[in-house]
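>>> with the sequence up front, the predicted model follows.
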Amino acid sequence: MKIAARTRDAAPRRRTPSAFDVDRIRGDFPALHQMVRGKPLVYLDNAATSHKPRAVIDAVSHFYERDNSNIHRGLHELSERATAAYELARSKVRRFLGAEDDHQIIFVRGTTEAINLVAQTYGRRHVEEGDEVLITTMEHHSNIVPWQLLCEEKNARLIVAPISDSGEILLDEFEKLLSPRTRIVSVVHVSNSMGTVNPVKHIIGLAHARGIPVLVDGAQAGPHLAIDVRDLGCDFYAISGHKMFGPTGIGALYGKAALLEAMPPYQGGGDMISSVTFTKTVYNKVPHRFEAGTPNIAGAIGLGAAIDYLESIDHAARAGYENDLLAYMMASLSRIPGVKLIGTAHDKISVQSFTLDGVHPHDIGTILDQEGVAIRAGHHCTQPLMERFGLPATARASIAFYNTREEIDALAAGIRRVREVFA
Amino acid sequence: MTTELSALYQEMILDHNKRPRNFRRLEGAAHHADGYNPLCGDRVTVYLDMEGETLREVTFEGSGCAISKASASMMTESVKGKTRPQAEALFAAFHELVTGQKGGFEGADARGAAGPAPALGKLVVFSGVREFPVRVKCATLAWHTLRAAFLDRSVEKVSTE
């Protein structure tokens, strides 16, 4: 597990003492402290969505209670406040991703919309009949279907790079699939089903050597890794707020300035124009060109608060704690007879998929739920990946930095319970 | 195990999950249909052979959770030898058992004429499903697929109960 050190634009940080204080962290998350089915909640479905710290909930409430107004148009005090808060949030996202300029950050609903935006603007402009889009076997449906739609429209081909049995991209095979017809590579940074951390910097290097741009799906990287888009060199990077302790319905797309400037608009409407007549409309500048209509202002402000919160915690200490917890979870699960771990990449974080002999993952999910343990069971929106492993579904436990070893013990006890029921 | 859980995973359900009955492809079946629940990925194929109006043979294949597999297995046993209207009336009664509601699914109205509700027999072991709304679709997937097999069509998406 490697964590890229962030050297540029680092926000001022409150350094915690060397030990990571999980009790203090847990105190920041109101939803963690509740009983479910008569048992204390053990929330291990963080890859689906994360819980929100008080600071995020307060930031959203504060906006609606005090500053609520539309942005970029009102001449009044509230609109000025709302606009300033929204644009400040953009600046926080820019800093979080390590980008140069706020204009490179486009607010979207989430990673899914970010990828659709690139496919429908950059993609439609550059992909022609017979061209290729290269993805990998471990992509989430949101990094498959937008490209399929594009390829169907353009009569282009979607090419899929294979992975190993442990859940790692086969880089030699990947490199061979970069062809003179490849117009864009779109690859996930961290697999939502397996936790694999892909060597995206290396992949970007391979693609750039052939002049091919790369989009990185960072939905699962946001809550765990220190992201630096300039160090990675990626052309586009997408994140979702709700995966990284922010609100739902807000996310961001980073793009290289030259690419964004040259891209046609995504949706038409208010705020994305500078002038409209019935004969000609002049589009607004980047990023507003891509943000038609009143955006999710409160969501953006909440995402900014989530970033402030994350940056208030020492990243190395947090990553160390999470990695230790993942190792503990993998060891605990491995000791249970009949459990098979799916996704055992050398470089992985936060997520463990597994199966239990003779028991369908949904039955595992239902029985664990009765114990207050929340996991995900199913295909995790990665059906082609499930097919690669010959599985209809897996159970998946995914951690955040607020989880504890005691919660992993509750998970393991719950799975032993499942074995008893199905003995 | 909690009361709800032991009511859901009754012995008979666990047994049919482990040793599903009529779990095979029926070569040369007169009718078949594929059922798929995209939410959880459960798949089932139901095969039928009719003798006049009577279901002479019913088998299934597929993958799914214990509830869906046991439900398919016990369905095949329950509908064998019944007429199509009798099988549909049994589905209506089963549907009511697992949802606690009368009707509420495609084709439910057609059952009004079938007379008094048929005896569910051992299918009552599925009554515990009612306490687990998200699992209702697991219990009814095979039944929806049986109905589709009468019409030789696929159940791409099982209706939300």
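Yes, it's here.

>>> can you name the residues bridging to residue 42?
I'll assume chain A. Judged by DSSP bridges, the bridge partners of residue A:42 are residue A:373.

>>> think we crossed wires, I meant chain B
Beta-bridge partners of residue B:42, as defined by DSSP bridges: residue B:37.

>>> enumerate the residues of chain B near chain A.
Within chain B, the positions adjacent to chain A are B:1-2, B:4-5, B:8-9, B:14, B:17-18, B:39-43, B:63-67, B:69, B:132, B:134-135, B:138 by Cβ under 8 Å from any Cβ of the partner chain. C-beta coordinates here come from the backbone N, C-alpha and C atoms, glycine included.

>>> try 6 Å this time
Residues of chain B lying near chain A by Cβ under 6 Å from any Cβ of the partner chain: B:2, B:5, B:9, B:40-41, B:63, B:65-66.

>>> which one (most neighbours) among the residues you listed?
The most neighbours of any of those, using other Cβ atoms under 10 Å in any protein chain shown, belong to residue B:65, which has 28 neighbours.

>>> touching, that one and residue A:364? I think so.
No. Using Cβ atoms under 6 Å, residue B:65 is not in contact with residue A:364, being 9.1 Å away.

>>> on that earlier part again, what's the closest of the residues of chain B next to chain A to chain A?
residue B:65 (3.9 Å; Cβ to the nearest Cβ).

>>> quick one: low-confidence parts of the chain?
All of this is about chain A. Residues of chain A meeting the criterion pLDDT under 70: A:1-18.

>>> that answer is for a different chain, and I need it for chain B
For chain B, applying pLDDT under 70 flags the ranges B:1, B:103-116, B:155-161.

>>> next, the most centrally placed residue in chain A: secondary structure please.
Nearest to the mean C-alpha position of chain A, counting by Cα atoms, centre = their mean, stands residue A:219 at 0.8 Å. Per DSSP: H, G, I helix; E, B strand; the rest coil, the local secondary structure of residue A:219 is coil.

>>> which residues touch it?
A:111, A:240, A:243 (Cβ atoms under 6 Å, 6 or more residues apart in numbering or on different chains).

>>> residue B:154 now?
For residue B:154, the contact set (Cβ under 6 Å, 6+ apart) comprises B:33-34.

>>> ok, now residue A:104?
A:254-255, A:257.

>>> which one (most neighbours) among the residues you listed?
Tallying neighbours with other Cβ under 10 Å puts residue A:255 at the head of the contacts of residue A:104, with 30 neighbours.

>>> wouldn't that residue be in contact with residue A:236 here?
Yes. Between residue A:255 and residue A:236 there is a contact under Cβ under 6 Å: 5.0 Å.

>>> picking up where we left off before, which of the contacts of residue A:219 fall in helices?
If you go by DSSP state H, the contacts of residue A:219 have residue A:111 in helices.

>>> which of the contacts of residue A:219 count as buried?
Among those, the ones that count as buried by 16 or more other Cβ atoms under 10 Å in any protein chain shown are A:111, A:240, A:243.

>>> what's the last one in contact with, if anything?
So that's residue A:243. Counting by Cβ under 6 Å, 6+ apart, residue A:243 makes contact with A:50, A:219, A:222-223.

>>> recalculate using a threshold of 10 Å.
A:46-50, A:110-111, A:192, A:218-224, A:251, A:306, A:400 (Cβ atoms under 10 Å, 6 or more residues apart in numbering or on different chains).

>>> ok, the second one next?
Residues touching residue A:240, when contacts are defined by Cβ under 10 Å, 6+ apart, comprise A:49-50, A:108-114, A:142, A:217-220, A:222-223, A:246, A:248-252, A:303.

>>> if I look at it, how far off is residue A:389?
Applying Cβ to Cβ, to the nearest Å, the value for residue A:240 to residue A:389 is 25 Å.

>>> near chain B, which residues of chain A?
Residues of chain A found near chain B (Cβ under 10 Å from any Cβ of the partner chain) are A:37-39, A:358-367, A:369-371, A:377-380, A:383, A:386, A:391-393, A:417-418, A:420-423.

>>> and the helices in chain B?
B:3-8, B:11-18, B:66-79, B:84-99, B:136-151.

>>> nearest approach to residue A:131 belongs to which of those?
helix B:136-151 (39.8 Å; Cβ to Cβ).

>>> now do the buried residues in the closest one.
Residues of helix B:136-151 classed as buried: B:136-150 (neighbour count, 16+ other Cβ under 10 Å).

>>> one step back: now the common contact residues for residue B:65 and residue A:364.
Listed contacts common to residue B:65 and residue A:364 are A:377, A:393; contacts here mean Cβ under 10 Å, 6+ apart.

>>> before we move on, back to that, next step: the residues of chain A next to chain B restricted to helices.
Counting by DSSP H, the residues of chain A next to chain B contribute A:361-367, A:369-370, A:383, A:386, A:417-418, A:420-421 to helices.

>>> could you identify the most distant pair in these?
Maximum distance among these (Cβ to Cβ): 31.0 Å, for A:383 and A:420.

>>> between the two, tell me which one has more neighbours.
Counted by other Cβ under 10 Å, residue A:383 and residue A:420 do not tie: residue A:383 has more neighbours, with 16 against 9.

>>> middle-most residue in chain B, spatially?
Chain B has residue B:143 as the residue nearest its centroid, 3.0 Å off, counting by Cα atoms, centre = their mean.

>>> what distance do you get for the closest residue to that residue other than its chain neighbours to chain A?
Distances taken as Cβ to Cβ, 6 or more residues apart in numbering or on different chains place residue B:91 nearest to residue B:143, at 4.7 Å, with adjacent residues excluded. Per Cβ to the nearest Cβ, to the nearest Å, residue B:91 is found 22 Å from chain A.

>>> next one: residue B:50
Distance of residue B:50 to chain A, given as Cβ to the nearest Cβ: 30 Å.

>>> so who does that residue touch?
Residue B:50 is in contact with B:29-31, B:56-58, B:83-84, B:150, counting by Cβ under 10 Å, 6+ apart.

>>> try it again with 7 Å
B:30, B:56 (Cβ atoms under 7 Å, 6 or more residues apart in numbering or on different chains).
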